[in-house]
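K.L.:
quick one: sequence and predicted model below, then my questions.
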Amino acid sequence: MNIHEFQAKELIRQYQVATPDGRVATDAEDARQITKAYGGQSVVKAQIHAGGRGKGGGVKFATDPDKAAELFKQLLGMNLVTKQTGPEGRRVFTVFISNPVDIERELYLALLVDRATSRITIMASTEGGVDIEEVAEKTPEKITRVAIDPAVGMTAFQAREVAFALGLEGDAFKKSVVFLQNLYRLFVEKDCSMVEVNPLVITKTGDVTALDAKMGFDDNALFRHPDILAFRDLNEEAPEEIEASKFNLNFIKLDGTIGCMVNGAGLAMGTMDIIKYHGGSPANFLDVGGSATEDAVKNAFRIILQDKAVKGVMVNIFGGIMRCDIVAGGIVKAAKEIGITVPVVVRLEGTNVEEGKRILAESGLNLIVADGINDAAEKIVAATK
Amino acid sequence: MAVLVGNHTKLIVQGITGREGLFHAKGCRDYGTKVVGGVTPGKGGTEIEGFPVFNTVKEAVAKTGANATMIFVPPGGAADAILEALDAGIALIVCITEGIPVLDMMKVKRVLPDYPGSRLIGPNCPGVITPGQAKIGIMPGRIHLAGNVGVVSRSGTLTYEAVGQLTALGIGQSTCIGIGGDPINGTSHIDALELFNSDPDTHAVIMIGEIGGSAEEEAAAWVKANMKKPVVAFIAGQTAPPGRRMGHAGAIISGGHGTAAEKMKALEAAGITVVQSPADMGSAMAKRLQAKA
């Protein structure tokens, strides 16, 4: 789960990690008042879950309080398109007003879970405020990586190693060591998956401060962090994905025409692949999981069919934990309660397959039964041509 | 004699009094696995469906001589359950639990080398089966056939798909290992390939990977340098859009790295037969076996 910049900053302040003063403005007048309180100037920042906001026109400098009010009105409700949002962009629901700082240097800092080393890794670079992926590609030597031993935690020498690599000295050096250690403590205590501070700024007065902050959290650990879960912003999630999550369905909308209902993430991806292989295009990724009920299967159908682009549905179940009779029962329920008007190809295999096939055959529904994954893909592609 | 599990396996189930734990403890017993008991803290001394229940893994080992464990403990306590099994000296630890926090697994991974006598499979995996002998896990036993093809996979249901195709063609399996879809796991593709490479009963291997990470690329390099047996591979997620999480925490592609295309190229360069369609895993293996014979 990702959170907004203003939420990330609230969190890092709790861990004594320095960041400029800032507040969410409730309206244009509030933006004006906050800017006044900051001495007449401010940075007005659109809050969406995507990077590249500056270049996309979502971050503006207000030279006076009136300008801040004007910028607030301009940003609120706008559709912000950045490199990371895709062409459809994201609507701005929240605007954050930040106290400007005098920037001496802009650096890059990130902490993330590195699956290659199975450790939390610090990535730091003197090239801050720019596209770090470009730095990684063109000048990888400018990125310092330090892997943290989970049993020991971040040691002082490792924090110093990063600070030296960033070319810091004096006060800024000392402050950055504390900054890093506090940030690491936050990372571990809150089960982060990624924290990115870009840019990390050294001010003209020698302060070390997080000008921006992006944070992602491990979904699997949210059960032990109600405070983080409270930061969830449903505006940032696709409505059909929120709907699916209510039934423990893992659903991602794609732009094709063949709806997919599959058990298991790997087989779900494999089903998308084989549809494409036969010349079709998947309308979604959907993993019903191992313990779905008839009701969940019915709702899976409902969510798939909400997409008007869907011309047919391929059901591909290889039951291990998931029982075929439950899937069959769910399909019958969906047909009766919501109606199915597009061709449906069903491939069932595995646990209780005979019972599942019997339920489908006795239902009198007009389903296309397939024998194997290839047959199913061929039939659904043919039926939707 | 295949690898990891077999007639020598004496299995306990951690979390045996839970719904899933008990269901699959019975499933393993029905398949022929020697299930010697289970562990649920606080329920030691009782019995459930004929399985003796113990408070700790150590006690279960002392009383039953168990050498393997299957973990169904819920995500919040699953990493601790793995640590307990390691501490008790269990040789084969299969963790089925899905949804373990990654920082918990990071700690487990950190201490694994301190227990060279133990191997962890998973988490978030279907388990391990040696057809005709024993299974530790949640896979449907009846789709399997004893034979000489090893299967290793990050995905549960895709493993069933591969096994189903092999069995339909009359090609049996030596051992099928589900290594799990999580970003941090105990046994890698390479570990499994190493086991199969030195197992006389395994003549060829099907490897099933997914987008994300670099495990398949590393496995390709290992195969090129070491593997003496034919390998057929499929990578799921060729059509997945970048940057999206496809169910398994592992299945994320970012910034063009870990894409299916990259992985398939690396595998082909290592002499592995890479199939584009998941429906062709079995037939591609049949061809490789014919060419060998």
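P.N.:
Nice, I can see it.

K.L.:
which stretches of chain A form helices?
P.N.:
Using DSSP state H, the helices of chain A run over A:5-14, A:28-37, A:65-75, A:132-138, A:156-165, A:170-189, A:226-229, A:239-246, A:265-277, A:294-306, A:324-337, A:353-362, A:373-383.

K.L.:
can you map out the helices along the stretch 1-150 of chain B?
P.N.:
B:19-31, B:57-64, B:75-87, B:102-111 (DSSP state H, counting those that start in this stretch).

K.L.:
so which of these comes closest to chain A?
P.N.:
Closest to chain A of the helices of the stretch 1-150 of chain B is helix B:102-111 (C-beta to the nearest C-beta; 4.4 Å). C-beta here means a position set from N, CA and C on the backbone, and glycine is covered the same way.

K.L.:
let me know the average pLDDT across the closest one.
P.N.:
Helix B:102-111 shows a mean pLDDT of 97.

K.L.:
restrict it to CA atoms and write it as PDB.
P.N.:
These are the backbone C-alpha positions of helix B:102-111, laid out as PDB (Å, rounded to 0.1, in the frame of the first residue of the first chain):
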ATOM      1  CA  VAL B 102       8.500  -9.800   4.300                       C
ATOM      2  CA  LEU B 103      10.500  -8.400   7.200                       C
ATOM      3  CA  ASP B 104       9.600 -11.500   9.200                       C
ATOM      4  CA  MET B 105      10.900 -13.700   6.400                       C
ATOM      5  CA  MET B 106      14.100 -11.500   6.200                       C
ATOM      6  CA  LYS B 107      15.000 -12.600   9.700                       C
ATOM      7  CA  VAL B 108      14.300 -16.200   9.000                       C
ATOM      8  CA  LYS B 109      16.500 -16.000   5.900                       C
ATOM      9  CA  ARG B 110      19.200 -14.400   7.900                       C
ATOM     10  CA  VAL B 111      19.400 -17.400  10.300                       C
END
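
K.L.:
that one - contacts with which helices or strands?
P.N.:
Helices and strands touching helix B:102-111, by 3 or more C-beta pairs under 8 Å, 6 or more residues apart in numbering or on different chains; DSSP states H and E, are strand A:103-114, strand A:119-125, helix B:75-87.

K.L.:
what are the buried residues along it?
P.N.:
Neighbour counts over helix B:102-111 (16 or more other C-beta atoms under 10 Å in any protein chain shown) mark B:102-110 as buried.

K.L.:
now the angle from it to helix A:170-189?
P.N.:
Angle, helix B:102-111 to helix A:170-189, by axes from the mean of the first three to the mean of the last three C-alpha atoms, to 10 degrees: 100 degrees.

K.L.:
quick one: residues contacting the residue of the stretch 1-150 of chain B found nearest chain A.
P.N.:
Relative to chain A, the nearest point of the stretch 1-150 of chain B is B:P101 (3.7 Å; C-beta to the nearest C-beta). B:P101 is in contact with A:191, A:218, A:220-221, A:224, B:75-76, B:79, counting by C-beta atoms under 8 Å, 6 or more residues apart in numbering or on different chains.

K.L.:
in chain B, what residue is nearest chain A?
P.N.:
Residue nearest to chain A within chain B: B:S155 (2.1 Å; C-beta to the nearest C-beta).

K.L.:
so for the residue nearest to that residue when sequence neighbours are not counted, what's the pLDDT?
P.N.:
With C-beta to C-beta, 6 or more residues apart in numbering or on different chains as the criterion, B:S155 has its nearest non-adjacent residue at 2.1 Å, and that residue is A:G266. Listed pLDDT for A:G266 reads 91.
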